[in-house]
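Chemist: Structure, please.
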Amino acid sequence: MKLISVRHSVAIAALFVLLAPSLASAGLFDDDEARKAILDLRSKVDALNTRLDAKLDTKADKNTALDLANENEQLRAEMAKLRGQLEVLANDVANTQRRQQDFYVDLDNRLRKIEPKRMTVDGKETTVEPTEQRNYDAAMSLFKAGDYKNAVTAFSGFLSAYPQSGYAGSAQYWLGNSYYAQRDCKNTVPAMQQLVKTYPDHPKAPDALLNIAGCYTELKEKAAAKKTLETLISQYPDTEAAQAAKNRLSAK
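Modeler: Take a look at the predicted model:
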């Protein structure tokens, strides 16, 4: 009866081993269950070893001892098989976790490219869209490269597309500067006046007035130039542009 009980336990363990891969693939067989199964099998092996040693010591039925030895080896083989399955399962879990991590990193990078960003522009907190940032940077690149004609087109297009942008004041200034760099004072003056009117607190507003005064001087409009310089000194007294305006007035 004891031998039958052992064989019954072996049969149950073997059935568990055979079902383990399908349970794992179904998501029902995790690392803890696999380890528990291995510990259970190991205890059965130890129990069989104890019984086998007892049989051999008492010189009991050699056939029974041989059966137990065979079952012992079979159980050891099944346990080794289960260990291999556990290693495969652990490797699959590690690979899955790595793929998930890569997926989340890639997803986060993609979202960052399309999400608006909170940033400081000309001393003010604002939200900037990715396409908005790219368009402004592209216009600035044209200006820095000396391509003033296309810079005019780029900054004008930016202001039309993003009139409420945090970069709108700067775009207006560099639009005027793109005209000024081409010695196009007829377009420089209204562009710079628009900056001062719409964004009087913009950091470039004093420079805009200085450029307007310079254009009036080139256009031989001395009275307008003087008035612009005086306005600059009055509205922005502590700026470098105001100091430059004082120097120009004293030189006349």
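
Chemist: Tell me, how many residues neighbour residue 50?
Modeler: 10 (other C-beta atoms under 10 Å). Where you see a C-beta, it was placed from the backbone N, CA and C, and this is true even at glycine.

Chemist: so which strand or helix has the nearest residue to residue 120 once chain neighbours are set aside?
Modeler: Of all residues not flanking residue 120 in the chain, residue 126 sits nearest, at 7.6 Å (C-beta to C-beta, 6 or more residues apart in numbering). According to DSSP states H and E, residue 126 maps onto strand 124-128.

Chemist: Relative to residue 208, how far out is the closest residue to residue 200 other than its chain neighbours?
Modeler: Nearest-residue entry for residue 200: residue 235, 7.6 Å, with adjacent residues in sequence omitted and distances by C-beta to C-beta, 6+ apart. As judged by C-beta to C-beta, to the nearest Å, residue 235 and residue 208 stand 11 Å apart.

Chemist: So these two - more neighbours on which side?
Modeler: Neighbours were counted for residue 235 and for residue 208 using other C-beta under 10 Å; residue 208 has more, 29 against 14.

Chemist: pLDDT wise, what is the more buried one at?
Modeler: With respect to pLDDT, residue 208 scores 97.

Chemist: That one: what's it in contact with?
Modeler: Applying C-beta atoms under 8 Å, 6 or more residues apart in numbering, one finds that residue 208 lies in contact with 173, 176, 192-193, 195-196, 202.

Chemist: Secondary structure class of residue 203, three-state.
Modeler: Under DSSP: H, G, I helix; E, B strand; the rest coil, residue 203 falls in the coil class.

Chemist: same deal with residue 179?
Modeler: At residue 179 the chain is in helix, as set by three-state DSSP.

Chemist: Report the beta-bridge partners for the residue nearest to residue 120.
Modeler: For residue 126, the beta-bridge partners are residue 119 (DSSP bridges).

Chemist: how about it, what does it touch?
Modeler: By C-beta under 8 Å, 6+ apart, the residues touching residue 126 are 118-120, 165-166.

Chemist: Next: residue 196.
Modeler: Residue 196 neighbours (C-beta under 8 Å, 6+ apart): 205, 208-209, 212.

Chemist: Of the residues you listed, which is the most crowded?
Modeler: Using other C-beta under 10 Å as the neighbour test, the contacts of residue 196 are led by residue 208, with 29 neighbours.

Chemist: how far away is that residue from residue 50?
Modeler: Taking C-beta to C-beta as the measure, residue 208 falls 96 Å from residue 50.

Chemist: Same question for residue 190.
Modeler: Distance of residue 190 to residue 50, computed by C-beta to C-beta: 102 Å.

Chemist: Now do the residue nearest to residue 120 against residue 170, distance only.
Modeler: Distance from residue 126 to residue 170, by C-beta to C-beta: 11 Å.

Chemist: Could you do residue 144 as well?
Modeler: Distance, residue 144 to residue 170, using C-beta to C-beta: 13 Å.

Chemist: ok, these two, which is more surrounded?
Modeler: Neighbour count, other C-beta under 10 Å: between residue 144 and residue 170, residue 170 has more, with 22 against 10.

Chemist: pretty sure the more buried one is in contact with residue 122, am I right?
Modeler: Yes: between residue 170 and residue 122 there is a contact under C-beta atoms under 8 Å: 6.1 Å.

Chemist: what touches both of the two?
Modeler: Contacts common to residue 170 and residue 122, judged by C-beta under 8 Å, 6+ apart, are residue 202.

Chemist: what number of residues lie near residue 80?
Modeler: The tally of other residues near residue 80 (other C-beta under 10 Å) stands at 12.
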